[in-house]
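> Need the 3D shape of this:
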Amino acid sequence: MGIVLNLARRHMRSFQKKLIALPFALMACVPLGGGITWSQAQKPVFQVEVDLQSVDVQVKDAHGNDVMGLTAKDFTVLENGKPQKIAFFDAGIGPVSLAVLVDSSTSMITHGRLGSAQAIAAQFIHTAHRGDEIFAMDFTDQMGPFQRITQEQLLGPSGPDLALAASGGAALYDAIATALCHLRASKNLRQSVVVITDGDDQHSRITLDQLIGLVHSSRAQVFMIGLQSRPNFNFQGRSEPKITLITGHEIDNPVVVFDRLMKESGAESFIPNSQRGLDEALTAVSNMLQSEYTLAYYPQKTSKKFRRIEVKVDRRGAHAMARHYVEANQVDNQLVRFDESTCIVAPKFHPYPFESKLTEGSTGTVYRDDFSDRRGGWPNHQDSHYILGGYELSNYKVQAKSDGQLAASGFPVESPAHTTTFLENIIAAYGPWWSDFRASVATDAVLETVSRKTSTEFLQKNRPAAGLVFRMNLNGCYALLMSRVIDRKKLSVELVRRDFEGDSYKETEIVPWTEVAPNPSAPTTELSVEVVGDRISMFVDSQEVTTARDDAFSQGLVGFIISGPGRATFRDLVVEQR
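Numbers count the residues shown, from 1 in each chain. Okay, here's the model as predicted:
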């Protein structure tokens, strides 16, 4: 078929083109005025226990060919080293319940729109056996309807597609969890999930480890088909478990995600590079489902967290491939909780950190953060972190050769004992997803007008600045920048638009640097923007500076930025829906 199995181990390094400039999806955006509602958090939740433990097994000969015609007597199943009595055996001809999930977020654009999950699931209908169940679900940061697909449905009008979420990001882990929840109620012992995605999860309420625990407690195999996302963003050569986005937030490396899900569920992964390759990968999954064996047994009670499973086959030159672990004591663990009617991960038990800071105001949702809670969800590391009663961006790094000094300003003294490096930009963005809003924050920036070397490909600005970023999304952001040097006697503001272009950006000046009168007695400066449609109004200490119009970006996150050497603190962020 022209494809190679187990590509996750051997070729996943080629699957590295990820979205560096996508903070927004990580922030688990909640669409305002629609999508997830707070009333959903109050719906009942449920959990299901599975008594019969099934194991799907592929048997290969020395040349990698499928070994067919085996019976239950040819297999030995060991749990924690002890042989188990096989209570159920299937040689690839029994019915299967299969769920097809398609990532429909806007990061999946390399090869154009793939088509709905229903259209892709239809390919499995043509090879389905009597009793097979085929389901389909599109997902972004929201879950589309989980639909059963039948021949009769294919002959009628197309089913509803999930409208693309405004965030453009995906809740991959939540989507797989939702499918596993639905499959627990399916009638077939054999279960599989096929996921078509770029592996870039920035929205999920649950973690990868929680999803792996759910996979351990399920019967389903999880087949991952990875398609590259935007080609102008590149994670090539990145093998670390976490990858830091431009906002300072971290996501799981898609390489790690694919590899873990493949191994832990006893399935396979594919990385096609064309529509034809995608079709071949789907065909390969169908062929594997028809050629693998399913064994099942009733497990004994154990005090161990995991049951180690080993499958042996009594056939010369053949070897068996299956999952190695399943969850042992599900009731004692923190299970993933679902909404009873939808199988969506329950917000009540898996809240986003910012949700506790949301209230309803006179014009809509209000988000307030005084940064007193370090678990509030904002990045927290060397250059963007919580401080006492505030949040700080610090744009310098010192490599000391010996004990050195700091100037009165708090910046390192340049000497042979120190090497100082300034990054071009540091951005932190978090919270809900906004369209029309007013945002304000108190800031105190200590900026240096010194030359520096940049360690990135980003464009250099003529002067250091700090301020607000807003409507930050897949394509770029706006920034209200403030420049106030150490003597604090001069204050200027500027409004710019930044269009992301790979690892760089193109900056467009919307409002040029405009000098304003600072309040000499105030310890901080209040920066505010009000955005309605294409109208952007700028405020300093509640006084309007000017209004401009730009319609490049209509939605996105709110956050902070510092450009050039310096340090900026932010306190009392308030964002109000308009």
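> which SSE is the closest residue to Gly476 other than its chain neighbours in?
Nearest non-adjacent residue to Gly476, counting by Cβ to Cβ, 6 or more residues apart in numbering: Asp499, 4.3 Å away. The C-beta positions use only the backbone N, C-alpha and C, and glycine is treated the same way. In this assignment (DSSP states H and E), Asp499 forms part of strand 491-501.
> Who are the packing partners of the very next helix or strand once past that strand?
As assigned by DSSP H and E, the chain's next helix or strand after strand 491-501 is strand 504-516. Applying 3 or more Cβ pairs under 8 Å, 6 or more residues apart in numbering; DSSP states H and E, we find strand 504-516 packed against strand 476-483, strand 491-501, strand 535-540, strand 543-549.
> got the CA positions of strand 504-516 in PDB?
C-alpha atoms of strand 504-516 as PDB (Å, rounded to 0.1, in the frame of the first residue of the first chain):
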ATOM      1  CA  SER A 504       9.000  36.300  12.600                       C
ATOM      2  CA  TYR A 505       6.300  38.900  12.300                       C
ATOM      3  CA  LYS A 506       5.500  41.900  10.100                       C
ATOM      4  CA  GLU A 507       4.700  45.000  12.100                       C
ATOM      5  CA  THR A 508       2.300  47.700  11.000                       C
ATOM      6  CA  GLU A 509       2.100  51.000  12.800                       C
ATOM      7  CA  ILE A 510      -1.500  52.000  13.300                       C
ATOM      8  CA  VAL A 511      -1.000  54.900  15.700                       C
ATOM      9  CA  PRO A 512       2.500  56.300  15.800                       C
ATOM     10  CA  TRP A 513       4.300  57.200  19.000                       C
ATOM     11  CA  THR A 514       2.300  59.800  20.800                       C
ATOM     12  CA  GLU A 515       3.600  61.600  23.900                       C
ATOM     13  CA  VAL A 516       1.200  61.900  26.800                       C
END
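> So which of the helices and strands packed on strand 504-516 is nearest Gly81?
Within these, the stretch nearest Gly81 is strand 491-501; the backing value is 53.1 Å (Cβ to Cβ).
> Quick one: mean pLDDT over that closest one.
Averaged over strand 491-501, pLDDT sits at 91.
> what do you get for stretch 222-229?
The predicted model assigns stretch 222-229 a mean pLDDT of 83.
> Work out the gap between that stretch and the centre of the chain.
Mean C-alpha position of stretch 222-229 versus that of the full chain (Cα atoms, centre = their mean, to the nearest Å) differs by 14 Å.
> about what we covered before: bridging residues for the residue nearest to Gly476?
Counting by DSSP bridges, Asp499 is bridged to Gly476, Lys506.
> Quick check: it vs Ser563, distance?
Computed as Cβ to Cβ, to the nearest Å, the Asp499 to Ser563 distance reads 16 Å.
> rewinding a little: hmm, who's touching the strand holding Asp499?
With Cβ atoms under 8 Å, 6 or more residues apart in numbering as the test, strand 491-501 has contacts from 21, 232, 465, 467, 474-484, 505-518, 525, 527, 536, 538, 540, 545, 548, 550, 552-553.
> how is this structure carved up into domains?
7-25+50-339, 353-577 (automatic domain parsing).
> Dump the ones you listed to CSV, plus mean neighbour count.
CSV is the format used below for these (neighbours: other Cβ atoms under 10 Å):
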stretch, mean neighbour count
domain 7-25+50-339, 19
domain 353-577, 18
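> and of the ones you listed, who's closest to Ala346?
Across the domains of the chain, closest to Ala346 is domain 7-25+50-339 (Cβ to Cβ), at 4.4 Å.
> And that closest one, how far out from the chain middle?
Chain-centre distance of domain 7-25+50-339: 17 Å, with Cα atoms, centre = their mean.
> Distance to Met262 added to the helices and strands packed on strand 504-516, as a markdown table?
Listed next are these as a markdown table, based on distance: least, Cβ to Cβ, whole Å:
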| stretch | distance to Met262 |
| --- | --- |
| strand 476-483 | 35 |
| strand 491-501 | 31 |
| strand 535-540 | 46 |
| strand 543-549 | 49 |
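> can you list the weak-confidence ranges in the chain?
For the chain, applying pLDDT under 70 flags the ranges 1-51, 106-115, 153-168, 228-239, 329-334, 396-423, 448-462, 484-489, 502-503.
> switch to 50 and redo it
The model of the chain has pLDDT under 50 over residues 1-49, 110-112, 159-165, 230-236, 331-333, 399-420, 451-461, 486.
> Now do the helices in it.
Secondary structure of the chain, counting by DSSP state H: helices at 7-10, 23-26, 117-125, 151-155, 172-183, 208-216, 254-265, 275-291.
> any chance of those helices in CSV, plus distance to Arg308?
Listed next are the helices of the chain as CSV, based on distance: least, Cβ to Cβ, whole Å:
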stretch, distance to Arg308
helix 7-10, 21
helix 23-26, 34
helix 117-125, 32
helix 151-155, 42
helix 172-183, 21
helix 208-216, 11
helix 254-265, 13
helix 275-291, 24
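> between those helices, which gets nearest to Val558?
Per Cβ to Cβ, nearest to Val558 of those: helix 23-26, 10.3 Å.
> mind exporting stretch 560-573 as PDB, just the C-alpha atoms?
Coordinates of each C-alpha in stretch 560-573 appear next as PDB, following Å, rounded to 0.1, in the frame of the first residue of the first chain:
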ATOM      1  CA  PHE A 560       1.200  41.500  28.100                       C
ATOM      2  CA  ILE A 561       4.300  42.200  26.200                       C
ATOM      3  CA  ILE A 562       7.800  43.600  26.700                       C
ATOM      4  CA  SER A 563      10.000  44.500  23.700                       C
ATOM      5  CA  GLY A 564      13.700  45.200  24.300                       C
ATOM      6  CA  PRO A 565      15.700  45.200  27.500                       C
ATOM      7  CA  GLY A 566      13.700  45.900  30.600                       C
ATOM      8  CA  ARG A 567      11.300  44.700  33.200                       C
ATOM      9  CA  ALA A 568       7.600  45.300  33.400                       C
ATOM     10  CA  THR A 569       5.100  44.500  36.200                       C
ATOM     11  CA  PHE A 570       1.300  44.200  35.700                       C
ATOM     12  CA  ARG A 571      -1.400  44.400  38.300                       C
ATOM     13  CA  ASP A 572      -5.100  44.200  38.500                       C
ATOM     14  CA  LEU A 573      -6.100  43.100  35.000                       C
END
